[in-house]
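sequence below, structure please.
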Amino acid sequence: MNIVMVGTGYVGLVSGTCFAEMGNTVTCIDVDKEKIEGLKQGILPIYEPGLQELVHRNAKAGRLLFSTSLEECIDGADVVFSAVGTPPDEDGSADLRYVLDVACSFGRCIKRYTLLVTKSTVPVGTAEKVREVIRRELDNRGVEIAFGVASNPEFLKEGTAIDDFMRPDRVVVGVDDEQAGKIMRALYRPFMLSGDRMQVCDIASAEMIKYASNSMLATRISFMNDIANLCGLMGADIDAVRRGIGSDSRIGKKFLYPGCGYGGSCFPKDVKALIQTGRSAGYRMQVLEAVEAVNEIQKTIPFQKLREEFPELAGKKIAVWGLAFKPGTDDMREAPSLTLIYSLLEAGCRVSVYDPVALNEAKRRLGDAPIEYCNDMYEVLIDAHALVIITDWKQFRVPSWPVMRKTMHGRIIIDGRNMYDIREVREEGFIYKRIG
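Here you go, the predicted model:
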């Protein structure tokens, strides 16, 4: 099948590359000429384990192409995916300008029946807006051309996106015409050989499923963080509580780990957007408002715990392990590390940081801030009065306690991800503070 993927961000590049891996011819389009030229040379704009190899292999085989023009690629296309950004507007609602720009370009250049599939996360009702824009452009051209509109929200997790796409636990497709349904089933058939996991529904429901899914996961995280904070006050063991809750088959074990808050490209944006969707409909999403409030407070917990150990922080050197919002990515959007670093700098601390893949992204985001960027997890600890762990990268799981004792000036560890056994760390001579 001939596919055009508009947008070469996280969703577009991963999706387009995986479709190409299955034998389709895919052209990835972006208005950013520099990004496209980089992709043609094998330079990826994002970090995702295994993606670079897939891009190189499929580009070399001629199945994965890159362009800046939808019009040049539309003639042979069976389906066009819209995977452009939907950043939050000032009121928290999703900014649809890029989605509607794609619809506009689509309407200006299609010559035969073509299916436009929205893969971006968009609020309920967006498909109708997309359809209206396409019809307006066809009317401006004075032509009548049949077209299809569909919704196909993505459920990729950064760090495991390729496996999520190639072996999905479900594929949600929203369609309202038979031809669109046939195209989407044919496109995803190679991914369903071990069992049909495609859910076909109306477009509005497909649009809502994405928001509801991410908001439910964010709710579990904030709930557990609230419980962890209460456990800390009441003397209960949050790990025991988590295991007890997770053993209930009605609840399950996933997304029950307390920490210093969620971040990334999806949860913060989607929770805000669903809250705003409710407001637009005259309904208050009270649970999600609480979820968002708890998460913002949770991001401040590591600094609060540090403040408890150092009433006067000015001049202290604080080391930070982990900058990305989660392991397996360099994404720092809404990352708890940013909240911590800004607080440390404001308090007059000297800050040294380490992350296996997100250092360049940190430099881009933090600009000229007086931060020491280190290329080794122990280098960052030299003369540090305390260590704060923000991202639970695997390489942090079994550290060398003797090296840490020798390298650090102080003995304080603030663990925002509850990675270690309390007794073990304290027996190694450290003051250890966790979430909960």
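
what is the burial count for the closest residue to Asn225 other than its chain neighbours?
Counting by Cβ to Cβ, 6 or more residues apart in numbering, the nearest residue to Asn225 once its immediate chain neighbours are dropped is Gln298, at 4.7 Å. Every C-beta, even on glycine, is put in place using the N, C-alpha and C of the backbone. Using other Cβ atoms under 10 Å, Gln298 has 25 neighbouring residues.

who's in contact with Gln298?
Residues near Gln298 by Cβ atoms under 8 Å, 6 or more residues apart in numbering: 222, 225, 229, 259-261, 336.

just the helices in the stretch 201-350 of the chain please.
Using DSSP state H, counting those that start in this stretch, the helices found in the stretch 201-350 of the chain span residues 203-234, 238-246, 267-280, 286-298, 301-309, 336-346.

okay, the angle between the first one and helix 267-280?
Computed by axes from the mean of the first three to the mean of the last three Cα atoms, to 10 degrees, the angle separating helix 203-234 from helix 267-280 equals 120 degrees.

now for helix 203-234, which elements pack on it?
Where contact means 3 or more Cβ pairs under 8 Å, 6 or more residues apart in numbering; DSSP states H and E, helix 203-234 is packed against helix 126-141, strand 147-151, strand 171-174, helix 238-246, helix 267-280, helix 286-298.

in a markdown table: the ones you listed, plus distance to Trp401.
Listed next are those as a markdown table, based on distance: least, Cβ to Cβ, whole Å:
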| stretch | distance to Trp401 |
| --- | --- |
| helix 126-141 | 52 |
| strand 147-151 | 51 |
| strand 171-174 | 46 |
| helix 238-246 | 20 |
| helix 267-280 | 34 |
| helix 286-298 | 28 |
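
got the ones you listed as CSV, with mean pLDDT columns?
Compiled in CSV, the helices and strands packed on helix 203-234 are given as follows (pLDDT from 0 to 100):
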stretch, mean pLDDT
helix 126-141, 97
strand 147-151, 98
strand 171-174, 98
helix 238-246, 96
helix 267-280, 94
helix 286-298, 97
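
nearest to Ile414, of the ones you listed?
Among those, the nearest to Ile414 by Cβ to Cβ is helix 286-298 (13.5 Å).

could you export the closest one as CSV, CA atoms only?
Extracted in CSV, the C-alpha atoms of helix 286-298 (Å, rounded to 0.1, in the frame of the first residue of the first chain):
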residue,chain,number,x,y,z
GLN,A,286,-13.5,17.2,38.8
VAL,A,287,-11.5,14.0,39.0
LEU,A,288,-9.1,15.1,36.3
GLU,A,289,-8.8,18.6,37.8
ALA,A,290,-7.6,16.8,41.0
VAL,A,291,-5.3,14.5,39.0
GLU,A,292,-3.6,17.6,37.5
ALA,A,293,-3.3,19.4,40.8
VAL,A,294,-1.8,16.4,42.6
ASN,A,295,0.8,16.0,39.8
GLU,A,296,1.9,19.5,39.9
ILE,A,297,2.4,19.3,43.7
GLN,A,298,4.2,15.9,43.3
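
run the chain-centre distance for that helix.
Relative to the centre of its chain, helix 286-298 is centred 18 Å away, using Cα atoms, centre = their mean, to the nearest Å.

can you check stretch 241-254 too?
Stretch 241-254 sits 25 Å away from the centroid of its parent chain (Cα atoms, centre = their mean).

just the helices in the stretch 1-150 of the chain please.
Going by DSSP H, counting those that start in this stretch, the stretch 1-150 of the chain shows helices at 10-21, 33-40, 51-60, 97-109, 126-141.

and the second one with helix 10-21, angle?
So that's helix 33-40. Put simply, helix 33-40 runs at 30 degrees to helix 10-21, going by the same axes, to 10 degrees.

same deal with the last one?
For the pair helix 126-141 and helix 10-21, the angle between their directions (the same axes, to 10 degrees) equals 80 degrees.

what packs against helix 126-141?
Judged by 3+ Cβ pairs under 8 Å, 6+ apart, helix 126-141 is in contact with helix 97-109, strand 114-118, strand 147-151, helix 203-234.

let's have these in a markdown table, adding mean neighbour count and distance to Glu346.
Shown next, in a markdown table, are these (neighbours: other Cβ atoms under 10 Å; distance: least, Cβ to Cβ, whole Å):
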| stretch | mean neighbour count | distance to Glu346 |
| --- | --- | --- |
| helix 97-109 | 20 | 34 |
| strand 114-118 | 24 | 41 |
| strand 147-151 | 24 | 43 |
| helix 203-234 | 19 | 23 |
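
could I get the ones you listed as CSV with distance to Gly416?
Formatted as CSV, the helices and strands packed on helix 126-141 follow (distance: least, Cβ to Cβ, whole Å):
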stretch, distance to Gly416
helix 97-109, 34
strand 114-118, 35
strand 147-151, 36
helix 203-234, 11
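
can you measure across stretch 344-364, start residue to end residue?
Stretch 344-364 has an end-to-end distance of 18 Å (criterion: Cα to Cα, to the nearest Å).

got the domain boundaries for this structure?
Using automatic domain parsing, the domain parsing of the chain gives 2-201, 211-297, 299-433.

first vs last residue of the shortest one, how far apart are they?
Going back to what we said before, that points to domain 211-297. Domain 211-297: ends 22 Å apart by Cα to Cα.

just use 52 as the starting number from now, easier for me
That works, and once the first residue is 52, the last one we named lands at domain 262-348.

out of the contacts of Gln349, which comes closest to Pro319?
Nearest member of the contacts of Gln349 to Pro319, counting by Cβ to Cβ, is Gly312, at 9.4 Å.

please report how far the closest one lies from Asp220.
Distance, Gly312 to Asp220, by Cβ to Cβ, to the nearest Å: 25 Å.

re the thing from before, just say which of the helices of the stretch 52-201 of the chain is most tucked in.
Compared across the helices of the stretch 52-201 of the chain, helix 61-72 shows the largest average neighbour count, a mean of 25 (mean count of other Cβ atoms under 10 Å).

good, we can wrap up now.
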